[in-house]
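Asker: here you go, sequence then predicted model.
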Amino acid sequence: MAAPLLFSIGLLGLLIGSFLNVVIHRLPRQLSVVSPPSSCPACGHRIRPWENIPVLSYLFLRGKCAGCASGISWRYPAVELFTAGMSAFTALQLGWTWALLPGLLLTWALIALTFIDLDTQLLPDAITKPGIVLGIIVNSGAYLLGHPLFASPLESILGAIIGYGVLWLLAMAYLKFSGQHGMGFGDLKLLGMLGAWLGWTAVPMILFIAALLGGLIGIALLLAGRGRHHAIPFGPYLALGGWLMLLWPKEIIQGYFSLLGG
Ligand SMILES: [Zn+2]
């Protein structure tokens, strides 16, 4: 992909990241993501357009509100930069293809879900449910137009059912044997959404990657003396597994089977 195009997608990623900050903050609080305009949570100062430029405004304002000088979290510019980087990298991998825009949309949704889950241990239905429907529509529409994307319509629908269903079975089994809930229903809907976007064949690999990373990081946190009574949400691992399967479906499946084959 040409450098100017890649750069433009990075800039677009900064703007989207700025919007994702609003989504991450407001969605779990049941607030509208379009109105009212952003204001300082400390003093109510209305954020003016020049104070709302991704990353740059944070630097100009030295991380402080222009109204009351209370600190602005470093996470806002971090999410903007992260979204820009993820967008450019996704574009680099997918190329100038029919998969580019849907791939970016999925990436942005996964970034929002990851940060919301880290903050609140929730994966809002307002993203996962439309995400399931959109995954089926995008794959079916592209298929009918003669440009199949990530999965056929049938693979997409089966992906939603199997993604949701396989975690439902695991959750029920866990509940039966341990007497407590091991995961939230948001995780089920997220895996259903990823199945709808990437097809049912991606579901086992996403689950495998999420369980592997979740297990490794969980062990690392335990060894570091943290995390024993610290609930670690599963959503970010599912999101990462889904994103890796968006970019490298064939490579990951081949790698997995060549590992099995020795
Ligand atoms: Zn303020």
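Answerer: Structure's in. What do you need? Numbers count the residues shown, from 1 in each chain.

Asker: which bits of the stretch 51-200 of the chain sit near the ion?
Answerer: When proximity is defined by Cβ under 5 Å from the ion, the stretch 51-200 of the chain lies next to the ion at 65, 67-68. Bear in mind the C-beta positions are built from the backbone N, C-alpha and C, glycine included.

Asker: only the buried subset of these, as a PyMOL command please.
Answerer: Isolation of the buried members of those (16 or more other Cβ atoms under 10 Å) is achieved in PyMOL through the command below:
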select buried, resi 65+67
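
Asker: what's the burial count for the residue nearest to Asn139 when sequence neighbours are not counted?
Answerer: Sequence neighbours aside, Ser156 is the residue nearest to Asn139 in space, at 4.1 Å (criterion: Cβ to Cβ, 6 or more residues apart in numbering). Neighbour count of Ser156, defined by other Cβ atoms under 10 Å: 25.

Asker: could you list the low-pLDDT ranges of this structure?
Answerer: Residue ranges of the chain with pLDDT under 70: 182, 226-232, 262.

Asker: for the residue nearest to Asn139, give me its contacts.
Answerer: Applying Cβ atoms under 8 Å, 6 or more residues apart in numbering to Ser156 gives the contacts 135-136, 139-140, 150, 195-197, 199.

Asker: now Gly67: which helix or strand?
Answerer: Counting by DSSP states H and E, Gly67 is held by no secondary-structure element, helix or strand.

Asker: my guess is it meets Cys43, correct?
Answerer: Yes. Counting by Cβ atoms under 8 Å, Gly67 touches Cys43, with 4.8 Å between them.

Asker: picking up where we left off before, report the two of the contacts of Ser156 separated the most.
Answerer: Greatest spatial distance in the contacts of Ser156: Ser140 and Gly195, 14.2 Å, computed using Cβ to Cβ.

Asker: please name the nearest non-neighbouring residue to Arg48.
Answerer: Nearest residue to Arg48, sequence neighbours excluded (Cβ to Cβ, 6+ apart): Ala66, at 7.6 Å.

Asker: what about the helices in the chain?
Answerer: Ranges of helices within the chain are 3-26, 56-60, 75-94, 100-120, 125-144, 153-178, 185-198, 202-223, 235-247, 249-261, based on DSSP state H.

Asker: how about a markdown table for these, with distance to Ile47 added?
Answerer: Shown next, in a markdown table, are those (distance: least, Cβ to Cβ, whole Å):
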| stretch | distance to Ile47 |
| --- | --- |
| helix 3-26 | 10 |
| helix 56-60 | 9 |
| helix 75-94 | 11 |
| helix 100-120 | 20 |
| helix 125-144 | 23 |
| helix 153-178 | 38 |
| helix 185-198 | 30 |
| helix 202-223 | 35 |
| helix 235-247 | 28 |
| helix 249-261 | 40 |
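
Asker: deepest-packed of those helices, please.
Answerer: Mean neighbour count (mean count of other Cβ atoms under 10 Å) peaks for helix 185-198 among the helices of the chain, with a mean of 27.

Asker: tell me the helices and strands packed up against that helix.
Answerer: Other elements packing on helix 185-198 under the criterion 3 or more Cβ pairs under 8 Å, 6 or more residues apart in numbering; DSSP states H and E are helix 100-120, helix 125-144, helix 153-178, helix 202-223, helix 235-247.

Asker: need the contact list for Lys176.
Answerer: Going by Cβ under 8 Å, 6+ apart, Lys176 touches no other residue.

Asker: ok, now which ones touch Lys189?
Answerer: Under the criterion of Cβ under 8 Å, 6+ apart, the neighbours of Lys189 are 123, 125, 128-129, 132, 164.

Asker: okay if I get the residues you listed as a markdown table plus distance to Tyr237?
Answerer: A markdown table is the format used below for the contacts of Lys189 (distance: Cβ to Cβ, whole Å):
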| residue | distance to Tyr237 |
| --- | --- |
| Leu123 | 12 |
| Asp125 | 20 |
| Thr128 | 15 |
| Lys129 | 21 |
| Ile132 | 19 |
| Tyr164 | 17 |
